[in-house]
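Undergrad: sequence first, then the predicted structure, then my questions.
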Amino acid sequence: MKILIVSGTPGTGKTTVSQNLLNNLNAKVISLNELAISEKLIINYDMERETSVINEKKLIRYIMKLIQRYNKLDLEFLIIESHFSDIVPGQFIDYVIILRCDPDELYRRLKERGYKREKIRENVQSEILGNSVNFFLNKQLNKPILEIDTTNNSIDVITKTITKILTGKVDVNKFIIGKIDWLEKLSQEDRLDLFFD
Ligand SMILES: Nc1ncnc2c1ncn2[C@@H]1O[C@H](COP(=O)(O)OP(=O)(O)O)[C@@H](O)[C@H]1O
Ligand SMILES: [Mg+2]
């Protein structure tokens, strides 16, 4: 069983794409946000940031238990998806795919989701800075870290692309991180202050 990490800023499509991958792969999905809530692996709720604060130590222990359990099944892939999936210890990770999204489109998706202005800003800023990529760079994995721009691609196309990556039907070099740079794009357009005033 290989473990695929799907990460990215909220709104980039992790949950939808991961569920869709189940149509193509003999796999199971663990959504860390849901797991943390259902198993009460939460420290408290941060009212100001409107988000649950995860008990990371307990969550990591729980993930390791689940990996052991799933290892006994005849699974090809275990998909772990979350914007904090970098908490998974490096030795368990076989593939990392980070979903990216242009800040304007991400803003639209999060607004549609009903997020408040401050929460949208915080997440869009995080995407502009490439935080989700940096978290994995800091882990110093000996596996390539891949990213996919979801801005103008349908869920279906993204799912197919990931399936091709996992089944070795596409050159992964096309997806190695470093090509997507919203900071550079926005500063060239002189629009950075729109998101960081
Ligand atoms: N590639 C895409 N194109 C258009 N809309 C998308 C795409 N990916 C996700 N969405 C929409 O954005 C919202 C967030 O998707 P979701 O899978 O919940 O993201 P995440 O799990 O990363 O927070 C959903 O309403 C979804 O339909
Ligand atoms: Mg999600």
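TA: Everything's here; your move. Ligands and ions are numbered 1, 2, ... in the order given.
Undergrad: Glu76 - how many residues pack around it?
TA: 13 (other CB atoms under 10 Å). No exception for glycine: its C-beta is placed from N, CA and C like everyone else's.
Undergrad: now Cys101
TA: Around Cys101 there are 26 residues (other CB under 10 Å).
Undergrad: now do the SS call for the closest residue to it other than its chain neighbours.
TA: Among residues not flanking Cys101 along the chain, Thr12 sits closest, at 4.7 Å (CB to CB, 6 or more residues apart in numbering). The three-state label given to Thr12 by DSSP: H, G, I helix; E, B strand; the rest coil is coil.
Undergrad: ok, longest helix in the protein?
TA: helix 56-71 (DSSP state H).
Undergrad: I would like the residues contacting that helix, please.
TA: Residues outside helix 56-71 that contact it (CB atoms under 8 Å, 6 or more residues apart in numbering): 1, 3, 28, 30, 32, 35-36, 39, 41, 78, 80, 87-89, 92.
Undergrad: now do 7 Å
TA: When contacts are defined by CB atoms under 7 Å, 6 or more residues apart in numbering, helix 56-71 is touched by residues 1, 28, 30, 32, 35-36, 39, 41, 78, 87-89, 92.
Undergrad: any idea how far that helix is from the chain center?
TA: Relative to the centre of its chain, helix 56-71 is centred 18 Å away, using CA atoms, centre = their mean, to the nearest Å.
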